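Asks: With the input below, show me the fold.
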Amino acid sequence: MFTRRTLLSTAGAGAALAGSGLGLPRLFEAEAAGAPLSPGLPAGVGASARMETLPGKKPLIKLAYRAPNYEAPLDYFRTPITPNDEFFVRYHLSNIPQVDAKTYKITIGGEGASGQATLTLDDLKAMPASELVAVNQCSGNRRGLSNPHVAGVEWGYGAMGCARWKGARLKDVLDKVGLKKEAIEIAFNGADGPVLDATPDFVKSLPVWKATDESTLIAYEMNGAPLPHFNGFPARLVVPGWTGTYWMKHLISITALTKPLGSFWMNPGYRIPVGKFPVVARFVSQENATSTPITEMVVNSLITSHSDGATVQPGKVTVSGLAWDGGYGIRSVEVSIDAGKTWSGAKLGDDLGPYAFRPWSFEFNAKPGKNTVMANAANAIGQSQVASLIWNPAGYHNNVMQTITLNAG
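Replies: Sure thing, here's the model as predicted:
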């Protein structure tokens, strides 16, 4: 079970953590508040948020202990690749085991499969490897900025990260058992579990077409190193373009289904109102008349060079940030310094792939006093950010154009 006491005892475990993926076995807890929270969060968040260091991590913004939910501060998004020790942490359940890589295995089967198989970590690594750069973003990223506020973890801007993932294609793993023509979904479970029997286990599924996509991986490396414990060691699902709810950590079972998965975390969890968002990728077998599962990320951007209210010198100022979407690719980022009356194109940085953060930068002449800066990203299929929040009960898909104020003087 994951608690503050567990963390503190873990901090002294030392060599006992070898091979568990935990990395640095220490915890440093900031006793004072003062975490760099995103503007607009509910007033109560600041009373409990702390900057804390989990094993193997730099300080992150603690929003909850049980389950552990830690977001990255704005400073960690200055580059398109998020280092492993700066990557956010998101769990639904508190019983998080320290998985032993030597005994780890994944079982594959189900009524939609023609056979069964068991794979060890070595088996996965012996399969043809694939690498890609992709954003992992919690479905509820920016939930705390909803107005009126909604229930759930009150995330600011930092429940996301972008890494280079390496692993076996899920398609190749499924080929080991073969899929029947009747298979419509592939379900996944991880080693983490509920503390109480009444709490539903975190089980998710993907439509077969997405599970067998060339880009969907079972990853065992993150930025050239083994996965950190709190990011899914020893292997996790990577579903590029789709929100993090499908990126199952500590993966232990894969089940081919001939009927839609009835998991709580598929319905009523992680749903959005039908027709409210311009998403292309649909999960048809899980849809109903009023709601549909959240799938791909909407186009979005973040100003990362300056925090809101930062002081700058009058004259030329360069603002920069990141843009991303569900995998169609960022076409442009435009910036306004006159509250949206006029827009100018920003310079796009290196393209690390359609699923990656795309860096951008923009230079303007800051006048003495307050200067407002707005950013708006657009992707290759013509989608762009919104001017006002598309409110929904779960606080998903917040891609409102960000505005910051810079004080020149």
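
Asks: count of residues packed around Pro128?
Replies: Pro128 has 7 neighbours, counted by other Cβ atoms under 10 Å. Heads up, the C-betas are built off the backbone N, CA and C, glycines and all.

Asks: That one: what's it in contact with?
Replies: 168-169, 172 (Cβ atoms under 8 Å, 6 or more residues apart in numbering).

Asks: So which of those residues is the closest to Gln383?
Replies: Checking the contacts of Pro128 against Gln383 with Cβ to Cβ, the nearest one is Arg169 at 27.5 Å.

Asks: what helix or strand does the residue lying closest to the closest one once chain neighbours are set aside sit in?
Replies: Leaving aside its sequence neighbours, Arg169 sits nearest to Ser130 (Cβ to Cβ, 6 or more residues apart in numbering; 5.3 Å). Ser130 belongs to strand 129-137 when assigned by DSSP states H and E.

Asks: Tell me which other helices or strands the next helix-or-strand element following that strand touches.
Replies: Next in sequence after strand 129-137, counting helices and strands by DSSP H and E, comes strand 160-169. Counting by 3 or more Cβ pairs under 8 Å, 6 or more residues apart in numbering; DSSP states H and E, the packing neighbours recorded for strand 160-169 are helix 121-126, strand 129-137, strand 217-222.

Asks: same question for strand 160-169, mean pLDDT?
Replies: Average pLDDT, strand 160-169: 98.

Asks: Adjacent strands (with direction) for it?
Replies: Using DSSP bridges, the strands paired with strand 160-169 are strand 129-137 (antiparallel), strand 217-222 (antiparallel).

Asks: Which helix or strand in the protein has the lowest average pLDDT?
Replies: strand 28-29 (a mean of 38; mean pLDDT, DSSP states H and E).

Asks: For the spatially most central residue of the chain, list each beta-bridge partner.
Replies: For the chain, the residue nearest the mean C-alpha position is Gln137 (2.2 Å; Cα atoms, centre = their mean). Beta-bridge pairing for Gln137 (DSSP bridges): Met160.

Asks: Tell me who's in contact with the spatially closest residue to Asn300 that is not a sequence neighbour.
Replies: With sequence-adjacent residues excluded and distances taken as Cβ to Cβ, 6+ apart, Asn300 is closest to Asn399, at 4.3 Å. Listed by Cβ under 8 Å, 6+ apart, the contact set of Asn399 reads 298-300, 385-386.

Asks: And for Val319?
Replies: Val319 is in contact with 303, 305-306, 335, 361-362, 364, 373, 375, 406, counting by Cβ under 8 Å, 6+ apart.

Asks: Kindly recompute the last result at 6 Å.
Replies: Counting by Cβ atoms under 6 Å, 6 or more residues apart in numbering, Val319 makes contact with 303, 305, 362, 373.

Asks: cool, Trp155 as well?
Replies: With contact taken as Cβ under 6 Å, 6+ apart, Trp155 is in contact with 71, 140-141, 143-144.

Asks: coming back round to it: which among the contacts of Asn399 gets closest to Phe87?
Replies: For those, the nearest to Phe87 is Asn300 (17.9 Å; Cβ to Cβ).

Asks: For that closest one, the count of nearby residues, please.
Replies: When neighbours are defined as other Cβ under 10 Å, Asn300 has 30 of them.

Asks: Let's have the helices and strands packed on strand 160-169 in CSV, adding distance to Tyr104 and mean pLDDT.
Replies: Formatted as CSV, the helices and strands packed on strand 160-169 follow (distance: least, Cβ to Cβ, whole Å; pLDDT from 0 to 100):
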stretch, distance to Tyr104, mean pLDDT
helix 121-126, 5, 98
strand 129-137, 18, 98
strand 217-222, 10, 98
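
Asks: Could you look over the ones you listed and pick the most buried one?
Replies: strand 217-222 (a mean of 24; mean count of other Cβ atoms under 10 Å).

Asks: Residues touching that strand, excluding its own?
Replies: With Cβ under 6 Å, 6+ apart, strand 217-222 has contacts from 84, 124, 130, 163, 165-168, 170, 235-236, 238.

Asks: between those, which is closest to Leu261?
Replies: Leu170 (16.1 Å).

Asks: doesn't Ser215 make contact with that closest one?
Replies: No: assessed by Cβ atoms under 6 Å, Leu170 is found out of contact with Ser215, at 9.4 Å.

Asks: More neighbours: which of those two?
Replies: More neighbours surround Leu170 than the other of Leu170 and Ser215, with 28 against 20 (other Cβ under 10 Å).

Asks: ok, for the more buried one, nearest residue in space, not its chain neighbours?
Replies: Closest to Leu170 by Cβ to Cβ, 6+ apart is Thr216, at 4.6 Å.

Asks: Return the distance of Lys210 relative to Phe283.
Replies: Here Lys210 is placed at a distance of 8 Å from Phe283 (Cβ to Cβ, to the nearest Å).

Asks: if we can go back for a sec, quick check, pLDDT for the residue nearest to Asn300.
Replies: Looking at Asn399, its pLDDT reads 98.

Asks: how much space between it and Pro240?
Replies: Computed as Cβ to Cβ, the Asn399 to Pro240 distance reads 18 Å.

Asks: quick one: contacts for Thr292?
Replies: The neighbours of Thr292, taking Cβ under 6 Å, 6+ apart as the test, are Val274.

Asks: That one bridge partners, please.
Replies: Bridge pairing for Thr292 - DSSP bridges - gives Ile272.

Asks: still on that earlier bit, okay, the strand holding Ser130 in CSV with CA atoms only?
Replies: Coordinates of each C-alpha in strand 129-137 appear next as CSV, following Å, rounded to 0.1, in the frame of the first residue of the first chain:
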residue,chain,number,x,y,z
ALA,A,129,12.3,-3.7,-30.8
SER,A,130,10.6,-0.5,-31.8
GLU,A,131,11.3,3.1,-30.6
LEU,A,132,9.3,6.3,-30.8
VAL,A,133,9.0,9.6,-29.0
ALA,A,134,5.5,10.2,-27.5
VAL,A,135,3.7,12.4,-25.1
ASN,A,136,2.1,10.6,-22.1
GLN,A,137,-0.6,13.0,-20.8
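
Asks: Ramachandran coordinates for the residue with the largest distance to the centre of the chain?
Replies: Residue farthest from the centre of the chain, counting by Cα atoms, centre = their mean, is Pro368 at 38.1 Å. Backbone dihedrals for Pro368, given as degrees, to the nearest 10, come out at phi -50, psi 140.

Asks: Test my guess that Glu334 contacts Lys347.
Replies: No: here Glu334 does not reach Lys347: they are 11.4 Å apart, not a contact under Cβ under 6 Å.
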